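A.B. asks: Sequence plus predicted model, see below.
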Amino acid sequence: MKNKIDKDYQENIKKESNLWNKAAEDELKKSPPDYSYYKKTWPYLIYRNPFVIKMLNKISEGGKALELGCYNGWFSLEMARKGARVEAHDISPKSIRIAKTYYEKCKEKEKFTGSISYHITDLNYPNFPKNIYDVVVIRNVLHHLINLDDLFLQLFRSLKSNGLILIDDALPCGQKEALLSGILLTLFPTDIPYSKKLQRIFKKRNILKRTQGLVDAKGASPFESISSGDKSVKYLKKYFNVTHFSTFSAFVGTIAAHISFNKFLKKLTLKMLNIIDRFLIKIGLLKGTCFFLIAIKQKIKVK
C-alpha cells in the first residue's frame, strides 16, 4: 500500500474515503458539524476539551492555518471564527461538502473575519505551497497515514519561519494500559452482557492482545493504525523542535466509549476515572494512548 498507482492502494484509499463519507453523513443526522455539539460528547466532555482549547489558543487573527484531515470541518470553523485564514484538507468528498455548506451558513450568519478553503486531498501524497502557513493543525490523522517522513518535510517547507505545528493523535496501546482497560470493561456494565464477558475471558486466547486491538481500533478502516504515534514523533523531530509533549487517556477513552450507565452516573464515573488516569500517567505508571504536541520549525536547511 505504499505506491499510489498500485491497484491495492487505490482500492483501499477509496474504501477509506467511503468510510468517512458515511461517518460524516451519519453524524450530520444527529447534529451540525459544530464544536458546540462536540464539546458535549463524552470524549470531549471528559478529557479532550482542554487540548482543543490549547490548540485554539495558538490560532491568531489574520494568521494562515493548514488543517490536515479536517473531516466535517468543525475545528477549521473554530479557527475561522478566531479570524484565521484556513486551508482544510480531507480525503472524504462528502465530509468536505458538509463542512463547506455549514461554513457558508455560519459565515453569513455570524459575520466572522476568518475564512476557509476546502480541498479533497490524499494526505499520503499531498502537495502544499512553500513558506505560506503560520500554523499546521493535525488532529487524529497521522496514524492513518504512510510516508510520514515526506509529509513532515513538506510541512517544514510550507511553514513560515517560527511556524508552529500542533498535533493531537493516537499512540499504540501498551500491555499495562490494555490490562487495566480490560479489567474495567469486565467490571463495569457495557453493551456486552456479563455472561458473554466471562465466556470471552475463559474461552478465547490472547485476550490482552485483543484488548490492545480494541483500544487501537485496528481494522476499523483500511488505514487505521497503519502508522504509530511514536513513529510520527520520530520523523517530526527531524524538522521541528518540540516545545510541549504530553500523553493522555491511558484507559478512560476506551471506558467512555463502552460503559453503560445513566447520564449522571456515567459523567461522575468518567470524571473520577479521568483523574486517576491523569495521575497514573503523571507518576509514570501508565502511558497515554493519545498525545498532544506543540513544535516549532527548526532553523535548518534541507535539500
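C.D. replies: Happy to help now that I have it. Numbers count the residues shown, from 1 in each chain.
A.B. asks: quick one: contacts of the helix or strand bottoming out on mean pLDDT in the chain?
C.D. replies: When each helix and strand of the chain is scored by mean pLDDT, DSSP states H and E, helix 194-203 comes last, with a mean of 72. Helix 194-203 is contacted from outside by 185-186, 190, 192, 207, using Cβ atoms under 8 Å, 6 or more residues apart in numbering. Just so you know, the C-beta spots here come from the backbone N, C-alpha and C atoms, and that holds for glycine as well.
A.B. asks: Which one of those residues sits in the busiest neighbourhood?
C.D. replies: Leu185 (20 neighbours; other Cβ atoms under 10 Å).
A.B. asks: Where does pLDDT dip in the stretch 201-303 of the chain?
C.D. replies: By pLDDT under 70, the low-scoring segments of the stretch 201-303 of the chain are 201-205, 303.
A.B. asks: what about 80?
C.D. replies: Confidence mapping of the stretch 201-303 of the chain against pLDDT under 80 gives the ranges 201-210, 214, 216, 218-219, 302-303.
A.B. asks: ranges for the strands of it?
C.D. replies: 240-248, 290-297 (DSSP state E, counting those that start in this stretch).
A.B. asks: in its sheet, what does the biggest strand by length in the chain sit against?
C.D. replies: The single longest strand within the chain, with elements called by DSSP state E, is strand 159-170. Sheet pairing for strand 159-170, assigned by DSSP bridges, gives strand 133-139 (parallel), strand 290-297 (antiparallel).
A.B. asks: domains of the chain?
C.D. replies: Per automatic domain parsing, the domain ranges recorded for the chain read 7-171+230-249+288-297, 173-224+251-287.
A.B. asks: Out of these, which is the most enclosed?
C.D. replies: domain 7-171+230-249+288-297 (a mean of 18; mean count of other Cβ atoms under 10 Å).
A.B. asks: okay, the closest residue to Tyr239 other than its chain neighbours: pLDDT?
C.D. replies: Once flanking residues are discounted, Tyr239 sits nearest to Phe156: 3.9 Å by Cβ to Cβ, 6 or more residues apart in numbering. We have a pLDDT of 97 for Phe156.
A.B. asks: What sits closest to Trp20 if chain neighbours are left out?
C.D. replies: Ser92 (3.8 Å).
A.B. asks: List the contacts of that neighbour.
C.D. replies: Counting by Cβ under 8 Å, 6+ apart, Ser92 has contacts 17, 20-21, 24, 71, 120.
A.B. asks: Of all residues in this structure, which one is nearest the centre?
C.D. replies: Nearest to the geometric centre of the chain sits Asn140, at 1.5 Å (Cα atoms, centre = their mean).
A.B. asks: Go ahead and confirm that residue touches Ile167.
C.D. replies: No. Using Cβ atoms under 8 Å, Asn140 is not in contact with Ile167, being 9.4 Å away.
A.B. asks: and the residue nearest to Trp20, what are its phi and psi?
C.D. replies: Backbone torsions for Ser92, taken as degrees, to the nearest 10, come to phi -100, psi 110.
A.B. asks: same check, this time on Phe188
C.D. replies: phi -80, psi 150.
A.B. asks: Any figure for the gap between it and Lys209?
C.D. replies: 21 Å (Cβ to Cβ, to the nearest Å).
A.B. asks: can you check Pro193 too?
C.D. replies: For Pro193 relative to Lys209 (Cβ to Cβ), the value is 23 Å.
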